[in-house]
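Peer 1: structure for the following, please:
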Amino acid sequence: MNNVTPPRSQNILITGGLGFIGTHLASAYIDAGHSVTLLDSMVAAVNDGSMFGDQSRVRILKTTIENFFSASGGINSYDTVIHAASQVGPAGILTHTGRLGSEIVRSIQLLVDACIDSNKPLVAFSSAEVYGRSGILSETDVVHVPTRFNTRLEYAIAKLLTECIVANNATRGLKAAVIRPFNVAGPRQSSAGGFVIPTFVQQALAGAPLTIFAGGEQKRAFLAAADLSRFLLEFVDAAISSPNLIFNLGNPDNTISISQLAHKIKRLTQSNSPIDHVDAKSIHGDLYEEALSVDKIPALGAALSLGWRPLVSLDELLRETINFYRAHPDPRSSISRK
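Peer 2: Predicted coordinates for the structure are as follows:
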């Protein structure tokens with residue numbers, strides 16, 4: 001006779017729950033038998049919630065974090081709060097210039113205070129942008145803050161301040177973990193944010209030129225959204241109770257240059273699209289800046305210590321994304337399909 005007690009069904013609050021990462025997290029929790037509340041302002045949403053079909057374990061709140069709390073929204077009914085809400089993408093953040101930092105910091109402070117008051121654990125998403133330099137990047141590395149102010153730096157500093165707020169509130173009893181994701185990709189990620197994989201995939205499927213910025217020799221290590229979701233689903237409790245606060249999540253085995261990525265996507269889509277080297281500002285405007293990390297590759301110390309490791313190869317990730325965009329439009333994209 002099997003006397004093993006099945007895992008208790010949990011109730012998870014996910015901010016940014018209708019965004020790219022949020023929808024993948026929600027699906028993972030729902031498939032595992034948990035319930036989710038998806039709080040989303042719809043600024044960067046990739047779905048209206050209809051993708052979840054059976055709504056019995058899904059609650060959708062289309063509002064801002066500030067409005068949620070001002071309308072007496074509370075978090076006492078949730079087991080864990082996952083804060084994935086943010087303006088996203090090197091192009092997607094540009095319309096928030098000058099307001100971006102305060103919006104990011106205001107949201108995390110509201111959630112930190114609520115989690116302390118309700119004694120609930122918090123998982124906060126930061127960004128690999130905080131490193132401010134190129135190379136193999138470890139959680140224990142010193143971060144660099146450049147002196148040339150721009151929107152991308154405003155985002156990075158706000159995410160670094162997010163980490164500091166979370167860390168310092170341990171003195172008030174906050175239980176938390178911070179995720180630094182490295183180039184997460186997969187189905188539903190929109191090209192509208194300036195993300196390279198959905199942009200190249202949609203350009204290739206449309207027969208449009210694949211547009212490479214800044215020479216194309218930049219290297220990125222792409223992580224499947226499924227691997228990210230598995231960390232949250234299976235390792236989040238261990239992460240929160242571990243001595244580590246910061247967790248790099250990425251896949252060094254999926255490291256590739258942007259130029260090589262373009263050629264690989266052309267081959268996998270069997271596209272005749274040309275590859276064009278262009279000035280990013282001619283597409284995204286004068287506020288656009290390239291990342292300071294010419295090579296952005298994660299060292300996975302903290303996550304590996306818990307037993308997690310990424311499993312999805314780059315080819316698997318690209319094929320899944322290609323198949324998705326063969327069958328589904330990107331509602332936020334301006335790339336025209338033939």
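Peer 1: what about the helices in the chain?
Peer 2: Here the chain has its helices, by DSSP state H, at 20-31, 65-70, 100-118, 151-168, 196-206, 225-241, 258-269, 281-284, 301-306, 314-327.
Peer 1: mind putting these in TSV, mean neighbour count and mean pLDDT included?
Peer 2: C-beta here means a position set from N, CA and C on the backbone, and glycine is covered the same way. Shown next, in TSV, are the helices of the chain (neighbours: other C-beta atoms under 10 Å; pLDDT from 0 to 100):
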stretch	mean neighbour count	mean pLDDT
helix 20-31	23	97
helix 65-70	16	95
helix 100-118	19	97
helix 151-168	20	96
helix 196-206	24	97
helix 225-241	19	97
helix 258-269	18	98
helix 281-284	14	93
helix 301-306	18	97
helix 314-327	17	98
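Peer 1: for residue 129, which of these is the nearest?
Peer 2: Closest to residue 129 of the helices of the chain is helix 151-168 (C-beta to C-beta; 4.1 Å).
Peer 1: make TSV from the helices of the chain and add distance to residue 12 to it.
Peer 2: Shown next, in TSV, are the helices of the chain (distance: least, C-beta to C-beta, whole Å):
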stretch	distance to residue 12
helix 20-31	5
helix 65-70	15
helix 100-118	13
helix 151-168	18
helix 196-206	26
helix 225-241	9
helix 258-269	33
helix 281-284	34
helix 301-306	19
helix 314-327	24
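Peer 1: out of these, nearest to residue 90?
Peer 2: helix 151-168 (6.5 Å).
Peer 1: got the contact list for residue 332?
Peer 2: 46, 190, 191, 192 (C-beta atoms under 8 Å, 6 or more residues apart in numbering).
Peer 1: let's see that with 10 Å instead.
Peer 2: By C-beta atoms under 10 Å, 6 or more residues apart in numbering, the contact list for residue 332 reads 44, 45, 46, 92, 190, 191, 192, 193, 198.
Peer 1: name the member of these with the most neighbours.
Peer 2: For the contacts of residue 332, the largest number of neighbours (other C-beta atoms under 10 Å) sits with residue 198, at 27 neighbours.
Peer 1: that one and residue 216, how far apart?
Peer 2: For residue 198, the distance to residue 216 equals 17 Å [C-beta to C-beta, to the nearest Å].
Peer 1: could you do residue 184 as well?
Peer 2: To residue 216, residue 184 is 21 Å away according to C-beta to C-beta.
Peer 1: before we move on, back to that, and the contacts of residue 332 as CSV, adding distance to residue 75?
Peer 2: Listed next are the contacts of residue 332 as CSV, based on distance: C-beta to C-beta, whole Å:
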residue, distance to residue 75
44, 22
45, 21
46, 24
92, 27
190, 28
191, 34
192, 30
193, 28
198, 32
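Peer 1: out of these, who's nearest residue 30?
Peer 2: Taking the contacts of residue 332 together and measuring to residue 30 by C-beta to C-beta, the closest member is residue 46, at 16.4 Å.
Peer 1: where does that closest one land on pLDDT?
Peer 2: Reported pLDDT at residue 46 in the predicted model: 94.
Peer 1: cool, the one 4 residues further on as well?
Peer 2: With respect to pLDDT, residue 50 scores 92.
Peer 1: contacts only, for it.
Peer 2: residue 60.
Peer 1: circling back: the more surrounded of residue 184 and residue 216?
Peer 2: For residue 184 versus residue 216, neighbours defined as other C-beta under 10 Å are more numerous around residue 184 (26 against 16).
Peer 1: quick check: bridge partners of the more buried one?
Peer 2: Beta-bridge pairing for residue 184 (DSSP bridges): residue 223.
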